[in-house]
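> generate a structure from the sequence data that follows.
(one chain, ligands or ions: 2)
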Amino acid sequence: MKTIAVVSAVGGAGRTTITAELASLLRWHGHAPLAIECDPRGLLGFHFGLREPVRQGLSNTADWAAHGQRSDDGVLFVPWGEPGTRATRAEIAMRLHADPHWLRGLLRHVDLSGDAVALIDSAPWPSPFAEQALAAADLALVLLPSLPQSCATLAPLRQALDDGGMARAYVVTRLQPGRQLHTDVSVLLRATLGNALLPYEIHEDAGVPEALARGECFCRSTPHSQTAHDLQGLASWVSGWLLNGARAGDGQAGAVRREGTP
Ligand SMILES: Nc1ncnc2c1ncn2[C@@H]1O[C@H](COP(=O)(O)OP(=O)(O)OP(=O)(O)O)[C@@H](O)[C@H]1O
Ligand SMILES: [Mg+2]
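Ligands and ions are numbered 1, 2, ... in the order given. This is a model prediction of the structure:
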């Protein structure tokens with residue numbers, strides 16, 4: 001099983017949305033996705049159609065795998081579980097601090113086929129939740145909303161990924177091409193990151209939060225929108241990485257390219 005951490009240093013970048021949409025799309029590509037929530041706010045389940053917060057999950061039960069649920073699209077997902085009391089939150093914080101590979105250890109016991117891919121949604125980096133996701137991952141999918149905050153936070157995040165020897169791919173999200181600032185940020189990021197920035201820019205679309213409000217998969221409810229097209233392109237790239245790049249390394253179809261190459 002390969003593991004992808006969906007991370008960003010900016011809140012509201014679209015991590016939870018993209019984790020859920022990618023999981024559904026990868027299933028349509030024939031992969032066996034498992035969406036994991038490493039964020040105590042417990043929002044992932046709502047993206048898969050749940051109407052209530054989930055009480056038990058990854059953080060608060062030993063048999064967490066038994067609390068996995070299946071979406072209407074057939075995606076298996078494991079919610080974090082309720083945030084709990086102040087004492088339990090402190091206990092979990094200590095566990096994450098004491099064992100930086102806690103999540104990696106849990107995923108090692110997941111008994112899924114070789115085609116399986118775990119997508120981890122985490123709280124913004126830096127945080128113990130994002131560190132756990134990165135420590136468990138084969139690939140960091142770094143989301144960069146087309147805002148100045150993405151440029152301001154990029155250097156320390158890149159340094160952390162370098163320090164961890166992480167394979168990574170970057171994606172611009174929430175792009176509004178009609179706004180000069182958004183296109184300027186997008187151009188600056190491409191000049192900085194080169195081919196490590198994937199060509200699929202995820203456009204802003206008011207239908208994304210509307211689909212969430214209805215508890216629907218956005219790509220299924222609005223399949224012909226630009227943003228659904230963007231997400232499908234991203235899913236195709238991830239599928240290619242899973243089939244070729246993850247095994248073959250740089251230079252192959254779907255492989256992670258070097259940063260800074262034009
Ligand atoms: N491409 C998009 N177009 C429009 N709205 C979007 C898009 N992507 C995400 N959103 C909306 O922005 C909000 C934040 O998205 P999401 O929760 O996926 O981001 P996040 O990075 O997980 O945020 P957080 O830091 O809160 O965990 C949600 O209301 C979501 O519906
Ligand atoms: Mg989120």
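> can you tell me which residues contact the closest residue to W80 other than its chain neighbours?
Nearest residue to W80 in three dimensions, chain neighbours excluded: E37, at 4.4 Å (Cβ to Cβ, 6 or more residues apart in numbering). Backbone N, C-alpha and C define where each C-beta goes, glycine included. With contacts defined as Cβ atoms under 8 Å, 6 or more residues apart in numbering, E37 is in contact with 43-45, 57-58, 77-80, 120-121.
> identify the farthest-apart pair in the residues you listed.
Between any two of the contacts of E37, the greatest separation by Cβ to Cβ is 14.7 Å, found for G45 and I120.
> between those two, who's got more neighbours?
Here G45 and I120 are compared on neighbour count by other Cβ atoms under 10 Å; more neighbours surround I120, at 29 against 23.
> what's near enough to touch the single nearest residue of the stretch 151-262 of the chain relative to ligand 2?
Scanning the stretch 151-262 of the chain for the residue nearest ligand 2 gives L212, at 11.1 Å (criterion: Cβ to the ion). Contacts of L212 were listed using Cβ under 8 Å, 6+ apart, and they are 17, 46-47, 218.
> on that earlier part again, which one of the contacts of E37 is nearest to D205?
Top of the list for closeness to D205, among the contacts of E37 and by Cβ to Cβ, is L43 at 18.6 Å.
> how close does the closest one sit to L198?
If you measure L43 against L198 using Cβ to Cβ, to the nearest Å, the figure is 24 Å.
> could you do L212 as well?
The separation that L212 has from L198, given Cβ to Cβ, amounts to 23 Å.
> and if you look at W237?
Summarising the geometry, the distance separating W237 from L198, computed by Cβ to Cβ, is 6 Å.
> ok, the residue lying closest to F129 once chain neighbours are set aside - how many residues close by?
In this structure, F129 finds its nearest non-sequential neighbour in A123, 4.0 Å apart by Cβ to Cβ, 6+ apart. Neighbour count of A123, defined by other Cβ under 10 Å: 23.
> which residues touch A123?
If a contact means Cβ under 8 Å, 6+ apart, then A123 has 38-41, 129-130 as its contacts.
> model confidence for E91, exactly?
E91 carries a pLDDT score of 95 in this model.
> close to ligand 1: what parts of the stretch 51-200 of the chain are there?
Counting by Cβ under 6 Å from any ligand atom, the stretch 51-200 of the chain comes close to ligand 1 at 124, 174.
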